[in-house]
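Peer 1: Any chance you could fold what I've pasted below:
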Amino acid sequence: MLPKAIVELNLCRDAEASGSPGPDSTGHVWSLETLEKTRALGRLLARELPTGTILLLSGPLGAGKTSLVQGLAEGLGISEAITSPTFALAQHYPQGEPKLVHLDLYRLEQPASADELFLQEEEEAQATGALMAVEWPERLGLDLAEAWHLELRHQGEGRLAQLTSPRKAST
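Peer 2: Numbers count the residues shown, from 1 in each chain. This is a model prediction of the structure:
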């Protein structure tokens with residue numbers, strides 16, 4: 001279930017945009033005309049996602065993944081400049097409340113390498129209650145049913161964002 005504030009977010013929400021999920025979907029879709037609106041969505045998610053969340057950020061180059069993480073950082077009270085950790089692979093921001101762990105798996109072409117890095121960073125994130133944002137999660141070989149997923153894609157001059165809540169295991 002999505003937190004109420006996320007459902008009610010007024011960032012030009014496109015309730016059922018063309019190509020959006022059907023009525024039984026857990027996804028919510030927003031049209032984000034500017035990078036500032038992308039950052040605003042990040043700020044809201046930082047406040048509303050549950051503690052210890054893993055947020056998988058998918059989308060092509062330039063879709064706004066790092067801008068979204070910049071908004072997450074702002075929402076967590078992090079004043080440090082946020083850039084994509086493409087070469088470092090992981091960045092930790094301990095001054096946030098909660099802390100932020102930011103991964104970029106773009107350069108890891110082998111799922112085993114991406115999985116190893118992810119699992120190492122996830123262990124530390126869980127130990128500190130950090131929010132974990134992962135760019136290029138499609139590089140992973142893991143099934144992360146407990147993760148939130150935000151897909152960003154280009155739409156005209158802006159972006160379209162679709163948030164999907166974690167899949168729950170059947171009992």
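
Peer 1: Specify the next element, helix or strand, located C-terminal of the helix-or-strand element of the chain with minimal mean pLDDT.
Peer 2: Ranked by mean pLDDT, DSSP states H and E, the weakest helix or strand in the chain is helix 4-7, scoring a mean of 50. Heading C-terminal from helix 4-7, the first helix or strand you meet, by DSSP states H and E, is strand 28-32.

Peer 1: got the angle between the helix or strand following that next one and strand 28-32?
Peer 2: Downstream of strand 28-32, the next assigned helix or strand under DSSP H and E is helix 35-48. If you take axes from the mean of the first three to the mean of the last three Cα atoms, to 10 degrees, helix 35-48 sits at 150 degrees to strand 28-32.

Peer 1: now for helix 35-48, which elements pack on it?
Peer 2: Applying 3 or more Cβ pairs under 8 Å, 6 or more residues apart in numbering; DSSP states H and E, one finds that helix 35-48 contacts helix 4-7, strand 28-32, helix 65-75, strand 158-164. (Glycine included, C-beta is placed from N, CA and C.)

Peer 1: Quick one: closest of these to L108.
Peer 2: helix 65-75 (15.4 Å; Cβ to Cβ).

Peer 1: Pull the residues that contact the closest one.
Peer 2: Residues outside helix 65-75 that contact it (Cβ atoms under 8 Å, 6 or more residues apart in numbering): 35, 38-47, 55, 57-59, 80, 82-84, 93, 96, 100, 102, 131, 133, 135, 150, 152, 161.
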